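In: give the three-dimensional model of this entry:
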Amino acid sequence: MDFSEEIIRSRKNRAVVELGKLADRANREQEKRFRFDGVKLTADAICAGVEIPQLFLREQNAGQILAALAEKTGRDPRQAVGRILRLSDEVFAKISEEKSPEGVICVAKYIDKIQKDDIIEGRFFSKIEKERVVLLEAVRDPSNLGAVIRSAAALGVDRLIISADCADLYNAKTVRASMGTLFTQAVSRVDDLAGAVAGLRQSGRRVFAATLTRDAAALGTFPVQKSDCVVIGNEGHGLSEQVIAACGECVYIPMSGRAESFNAAVAASLLMWEFSKAKQ
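Out: A predicted model of the protein is given here:
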């Protein structure tokens, strides 16, 4: 661990410039690193064993931040990260993505539990045979995606399978909305979601499309099985015809009629809650 006593006072400092670049998805993909702000998220990342090359601390309260992290994690944060850098209050305020920054910015490496899987290979489906699985198509709002990840973790979903056009998992809004569950939730991003649905069905699972079709069953009116999967789509456009056709069943959430639809994250939570009741 390298703990720099020097206080960085220029935004042109190389480390600060590299940190700023992580706001762009292309740079995150190239470096395989992402950034986020806040004591809780940093503590959660440390506890989850996420590799943290750098911590940036605000000069004003650097000592308090280290003490808070030690209290939350039960370990000296200086032994859990690669390098700790202190920024002047002015530089920190410019580089932080928070309106009311706490005084810590964390740079972490991409997470092993988040990966891109080749759905053509049958062993992927045998690998996840006993997992509770939920699928997402085109959930493009990062806050919604983060909220779904948080609900999935809370309701015991083992794996999310998401389409390639979902929001970036490492967007700061996704990370923040996940409230630290991103660090432990298994997520597989696939190029062909309809193909993933087909693979799940071939492995013996029922896959439900969450959609308002004529033959859709109302949520709560039929028995669910532990192996059942559900696919949730974009709140504005729903699921694609291709994905609906790939599913064997359809389900909808009954509503009072005073609203046209649910927010995608809310719909996902309701569906996951009902499907989590299955024992076998």
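
In: break down this structure into its helices, ranges please.
Out: In the chain, the segments counted as helices under DSSP state H are 14-21, 25-31, 39-47, 62-73, 89-95, 123-127, 142-154, 172-178, 193-202, 241-246, 264-275.

In: closest one to V81 among those?
Out: Smallest distance to V81 across these (CB to CB): 7.7 Å, for helix 39-47. Glycine gets a C-beta too; all of them are placed from N, C-alpha and C.

In: so for that closest one, mean pLDDT?
Out: Mean per-residue pLDDT for helix 39-47: 97.

In: try stretch 137-148
Out: Averaged over stretch 137-148, pLDDT sits at 96.

In: that one: end-to-end distance?
Out: 12 Å (CA to CA, to the nearest Å).

In: show me how far it is from its chain's centre.
Out: The gap between where stretch 137-148 is centred and where its chain is centred comes out at 8 Å by CA atoms, centre = their mean, to the nearest Å.

In: between the two ends of stretch 93-113, how far is it?
Out: 32 Å.

In: sketch out the low-pLDDT regions of the protein for me.
Out: Counting by pLDDT under 70, the ranges of the chain that qualify are 1-5, 116-122, 279-280.

In: quick one, what contacts the spatially most central residue of it?
Out: In the chain, the C-alpha nearest the mean C-alpha coordinate belongs to L182, at 4.3 Å (CA atoms, centre = their mean). Neighbouring residues of L182 by CB atoms under 8 Å, 6 or more residues apart in numbering: 111, 114, 146, 149, 169, 174-175.

In: still on that earlier bit, closest to E235 out of the helices of the chain?
Out: With CB to CB, the closest approach to E235 among these belongs to helix 264-275: 3.9 Å.

In: give me the contacts around that closest one.
Out: Contacting residues not belonging to helix 264-275 are listed as 132, 134, 136, 139, 141, 143-144, 147-148, 151-152, 155, 157, 210, 219-220, 224, 228, 230, 232-235, 251, 253, 261-262 [CB under 8 Å, 6+ apart].
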